[in-house]
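Visitor: Next one to model:
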Amino acid sequence: MDLRGGMHLVLQADTDKLIESDIDRLIESLRSKLQEDEIEIENIARTSDNQMILNAAISSDQLKKIIAASEYSNLKIQNSKQEENLLTVYMGFAPEFITYLRDSATDQALETIRNRIDQFGVAEPEVRKQGEGRILIQLPGVTDPEGAKALIGRTAQLEFKLLDETVDPNGPIPEGREVLYQTNVDSKTGQTTKIPMVLKKIAVLTGTHLKGARVALDKQHNTPHVAIEFDSIGARIFEGITGANIHKRLAIVLDNNIYSAPVIQDRIAGGQATITGHFTTEEATLLAIALRSGALPVPVKIIEERTVGPSLGTDSIRQGIMSILISGILLTIFLCIYYRGSGVIATIALLLDLLFIAGALALLQATLTLPGIAGIILTLGMAIDANILIFERIREELRLGKTPRAAVESGFGRATITILDANITTLIAAAILFQFGTGPIKGFAVTLSLGILASMFTAIIISRYIFDWFLVGKKVEKLSI
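Guide: All right, here's what the predicted structure looks like:
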């Protein structure tokens, strides 16, 4: 963000929707259980404060036994009233369980968004929690902000639901049914029409068992669609559903929109299906990414959006490069004064070190951040440290009366183990920073790791090669060190 500009977003997770959906799911499950036990239900519904009200011909003890089952164990009876054979009960989740649901939904949303952004191709994004139910996102160098926002905010809840064609969508809708719409676009006029369809509320299969999603082209019409594949459990469920509902229509529903509702012609084995629609290639790609990364557990909305302009990036780049140049010049002056001719060799190794780091960053297509520049500057100091260790060892050998060539060989030999030991421990620390750090920390870890590897190579191999070029086969009586 500092160097390239980009997007700064703060999202609010609508965790109330999760409470609503969980209560609705338990209502449907409890209704089926009571009907199975032939208990007359007068009313069962969700209240405005996300609780459940039940009026049924059941005793309080019977109900307590039913909700003691694991599926309903998080429901707590708030109050109840018995009037003859009719029991009226208000039930809801305990406050601590609601807190747990909200926190886990926010954490899951954060991980899902991070996975989507990683597949979207943003280098070193920052995604983290900020306050209760909020997620901070920083996307450096994003060139398609609208596409990024569409991808981040998409719920991507994939469901397969059977159609109930015995019910008129314009008439009264019975319990356990819902009306959703399929949008069709006329290819000639571009006019859109919405077709209502009555679906069974309970999904026969969801995207939980999705194994993969990719963009494919229809060979007949050359239009993009999304090919999906289920895991072994999902494939078995899908085969069972299609086998038991031949000649019935199965709707593919994404975020409460019907994408297609084909007639099941035969049992479908192998766990593969397609989502067709009037997609552009970009829309199909974003949909495939959203499905691969998993569904958001709750809807999210953007409550803050800022764009970092290129002027900040230009200033930061100029200042960062200036800091590298100043530190490099000061180090060069010190080396040349203190170590004379050998300092010039260390300076050459230092320049090669910078060149190798830049080349590795370009090869890996890594993003250079301000912490990354800090890692490069730290690397310069560590590279000089390696050369100083070698030079001081050489000086010790010269004081013992050894020849320049013997002193160089002994100095490099004795200093190499120390250099390796010090740099490998730092490399381990950098690897841990990269694994567990966020975007800026990862940028620092990347340049630090590359710098360590480059400095060890230049100090131990390149510097030694230059010394040998001056000494081997030549009569050098005094070494400039």
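
Visitor: tell me the domain boundaries of this protein?
Guide: According to automatic domain parsing, the chain comprises the domains 1-155, 157-292, 310-471.

Visitor: and the second one, how far apart are its ends?
Guide: In other words, domain 157-292. Using Cα to Cα, to the nearest Å, the end-to-end distance of domain 157-292 comes to 11 Å.

Visitor: can you check stretch 173-191 too?
Guide: Terminal residues of stretch 173-191 lie 28 Å apart, using Cα to Cα.

Visitor: Show me which residues of that stretch are buried.
Guide: Within stretch 173-191, the residues scored as buried using 16 or more other Cβ atoms under 10 Å are 177-178, 180, 182. C-beta: built from backbone N, CA, C; applies to glycine.

Visitor: Strands - which of the residues you listed land there?
Guide: The strands, defined by DSSP state E, take in 177-178, 180, 182 from these.

Visitor: is it true that A261 touches N184?
Guide: No - with contact defined as Cβ atoms under 8 Å, A261 does not reach N184; the gap is 11.2 Å.

Visitor: so L151 sits in a strand?
Guide: No - going by DSSP: H, G, I helix; E, B strand; the rest coil, the assignment for L151 is helix, not a strand.

Visitor: and the helix or strand hosting Q138, which strands flank it?
Guide: Using DSSP states H and E, Q138 sits in strand 134-140. If you go by DSSP bridges, strand 134-140 pairs up with strand 6-13 (antiparallel), strand 126-129 (antiparallel).

Visitor: Could you single out the most deeply buried of those strands?
Guide: Among these, the stretch with the highest mean neighbour count (mean count of other Cβ atoms under 10 Å) is strand 6-13, at a mean of 22.

Visitor: what residues does that strand touch?
Guide: Strand 6-13 is contacted from outside by 1, 105-106, 109, 113, 130, 133-142, 145, 148-149, 152-153, 298-308, using Cβ atoms under 8 Å, 6 or more residues apart in numbering.

Visitor: Counting by contacts, list what whatever helix or strand comes next after it packs against.
Guide: Reading on from strand 6-13 to the C-terminus, the next helix or strand found by DSSP H and E is helix 15-36. In terms of contacts (3 or more Cβ pairs under 8 Å, 6 or more residues apart in numbering; DSSP states H and E), helix 15-36 is packed against strand 41-46, strand 52-56, helix 60-67, strand 86-93, helix 95-120.

Visitor: mind running it again at 7 Å?
Guide: Packed against helix 15-36 by the contact rule (3 or more Cβ pairs under 7 Å, 6 or more residues apart in numbering; DSSP states H and E) you find strand 41-46, strand 52-56, helix 95-120.

Visitor: Determine which of those approaches Q319 most closely.
Guide: When the helices and strands packed on helix 15-36 are compared by Cβ to Cβ, helix 95-120 sits nearest Q319, at 27.7 Å.

Visitor: Quick check: Y338 vs L400, distance?
Guide: Look at Y338 and L400: by Cβ to Cβ, to the nearest Å, they are 21 Å apart.

Visitor: picking that back up, for I233, which of the strands paired with strand 134-140 is the nearest?
Guide: Closest of the strands paired with strand 134-140 to I233 is strand 6-13, at 28.1 Å (criterion: Cβ to Cβ).

Visitor: Show me the helices in this protein, by range?
Guide: Residue ranges of the helices in the chain, as given by DSSP state H, are 15-36, 60-67, 95-120, 145-153, 232-244, 281-292, 310-339, 341-364, 370-399, 404-436, 439-457, 463-471.

Visitor: Reformat those as a markdown table; add mean pLDDT and mean neighbour count.
Guide: Output for these, formatted as a markdown table (pLDDT from 0 to 100; neighbours: other Cβ atoms under 10 Å):
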| stretch | mean pLDDT | mean neighbour count |
| --- | --- | --- |
| helix 15-36 | 84 | 16 |
| helix 60-67 | 86 | 14 |
| helix 95-120 | 81 | 17 |
| helix 145-153 | 77 | 17 |
| helix 232-244 | 87 | 16 |
| helix 281-292 | 77 | 20 |
| helix 310-339 | 77 | 14 |
| helix 341-364 | 84 | 18 |
| helix 370-399 | 82 | 20 |
| helix 404-436 | 86 | 16 |
| helix 439-457 | 82 | 23 |
| helix 463-471 | 86 | 17 |
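
Visitor: How many residues are close by Q78?
Guide: If you count neighbours by other Cβ atoms under 10 Å, Q78 ends up with 12.

Visitor: which ones are touching the residue lying closest to E397 once chain neighbours are set aside?
Guide: Spatial nearest neighbour of E397, excluding adjacent residues (Cβ to Cβ, 6 or more residues apart in numbering): A407 at 3.7 Å. By Cβ atoms under 7 Å, 6 or more residues apart in numbering, A407 lies in contact with 394, 397-398, 479.

Visitor: Max pairwise distance over those residues: which two?
Guide: Farthest pair in those (Cβ to Cβ) is E397 and L479. Separation: 9.9 Å.
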